[in-house]
Structure formats: structure tokens, C-alpha cells
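1. I need the structure of the sequence given here:
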Amino acid sequence: MKIFDHLDKMYEDICESDWDDVETKYRELTLKLAGTKIVREIDAIDIDDYEKSIMQTLYEAVETAEKASAGAIYFEYDMDNNWQGCFYICPAYYREEEEDEDWATDYDEEIEGPDLPAYADIYNEYGGAGGNKAEIGTTLYLIARTVCAFWRCVEQLPSTPALAICIGYHGQDYIWRIREMEE
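-> Numbering: from 1, shown residues only. Model (predicted):
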């Protein structure tokens with residue numbers, strides 16, 4: 001199975017489960033694909049400060065988006081650049097079924113988010129999208145933990161019915177919706 005097949009399944013899991021189940025499932029898969037050593041290295045990275053930084057910046061992004069009557073906040077992290085994150089305040093938003101992700105490239109403002117160099121180091125040493133099972137497993141678990149950290153932050157927000165909140169890695173073909181806006 002290719003990494004993109006796994007990522008499609010991960011998104012289905014995100015839409016149908018809670019963050020704890022998703023993180024556990026991809027930890028187990030990574031144990032099978034990449035082994036105990038890699039999982040232990042990833043688990044040993046404390047992401048509490050990363051998550052706190054996401055939360056602080058997410059509040060700022062929501063406030064900025066609400067003032068601008070924006071349609072969405074899109075958080076993007078760059079696996080090839082120290083896992084650097086950025087929040088994009090997008091005036092327009094299209095639901096997934098419209099199959100048009102161009103809204104995410106049209107933003108009014110960007111707010112620098114946290115980076116996670118320890119993840120980038122592991123990704124650069126062991127990860128990738130190649131056919132190697134260990135690379136795929138490593139990358140999947142790093143992505144799952146990143147998305148789940150973001151997801152936990154989004155769940156702490158008060159209701160934002162007029163605002164979608166989404167995530168993706170730099171270069172991702174389609175955007176993952178964590179919170180949809182109400183119609």
C-alpha cells in the first residue's frame with residue numbers, strides 16, 4: 001500500500017473517530033511498518049509546548065478571521081522546513097464535496113505558527129513518501145501526531161459556526177477539515 005492510500009484512510013479515520021483513536025491506530029501501524037525503535041523515538045518527543053504554541057496562535061487566528069469575516073483558517077506545516085507551521089486566514093471556503101481547494105491558496109493574512117524541529121529531524125532521517133515500509137510508517141505517525149495535536153487545540157475552541165478550520169502539510173493535494181462551518 002502506498003503512503004497516499006494510508007493518508008486517505010487516515011482522513012476517513014479523522015472524520016469518523018476521535019483524536020485519541022487516530023493517534024493510537026497510527027502508532028500501532030508504525031510499530032508494524034517501522035518498528036519499536038522509531039515509535040519510541042517519536043513518542044519520546046514531548047509536544048506539549050508545540051501544542052500550547054498552536055493553541056495560542058490558533059486563538060489569534062480565530063480572532064483575526066472573525067474580525068475579517070473570513071471563511072476559513074488553514075493551518076499548514078512544512079515537513080521539509082523544520083515542521084514550520086503557518087495559519088492562513090482565507091476569505092473564501094469551499095466544502096470538500098465541491099472538490100476545489102483553491103480557497104486555501106487565496107488568503108488575506110498569514111500568522112506564523114510554531115515549528116517542531118525534532119519531528120523534522122526524524123522525518124529527514126527515517127521518513128519519506130517512498131515505497132519503503134519504514135519510511136511510510138514513520139511519516140504516517142508524525143503526521144497523525146501533528147494532526148491530533150492540532151485537533152485537540154481546535155476542540156478547545158468555543159463554537160465558531162461561521163468558520164471552517166483545516167490542516168494540511170505543505171504540498172498536500174487536499175485539505176483536511178477538522179471543523180466545518182455551519183451552512
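
2. CA atoms for contacts and neighbours, from now on please.
-> Noted.

3. where along this structure do the strands fall?
-> Taking DSSP state E as the test, the strands found in the chain are 72-78, 84-90, 109-112, 164-169, 176-179.

4. By mean pLDDT, show me the worst of the ones you listed.
-> Ranked by mean pLDDT, the strands of the chain bottom out at strand 176-179, with a mean of 92.

5. what does that one contact?
-> 11, 14, 15, 96, 151, 154, 164, 165, 166, 167, 168 (Cα atoms under 8 Å, 6 or more residues apart in numbering).

6. Could you pick out the buried ones from the residues you listed?
-> By neighbour count, with 16 or more other Cα atoms under 10 Å, these hold 11, 14, 151, 154, 164, 165, 166, 167, 168 as buried.

7. Buried residues of stretch 4-12, list them for me.
-> Applying 16+ other Cα under 10 Å to stretch 4-12 flags 6, 10, 11 as buried.

8. Now distance to residue 22 too, for the contacts of strand 176-179, in JSON lines please.
-> Below are these laid out as JSON lines (distance: Cα to Cα, whole Å):
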{"residue": "11", "distance to residue 22": "9"}
{"residue": "14", "distance to residue 22": "7"}
{"residue": "15", "distance to residue 22": "10"}
{"residue": "96", "distance to residue 22": "20"}
{"residue": "151", "distance to residue 22": "11"}
{"residue": "154", "distance to residue 22": "15"}
{"residue": "164", "distance to residue 22": "21"}
{"residue": "165", "distance to residue 22": "18"}
{"residue": "166", "distance to residue 22": "17"}
{"residue": "167", "distance to residue 22": "15"}
{"residue": "168", "distance to residue 22": "16"}
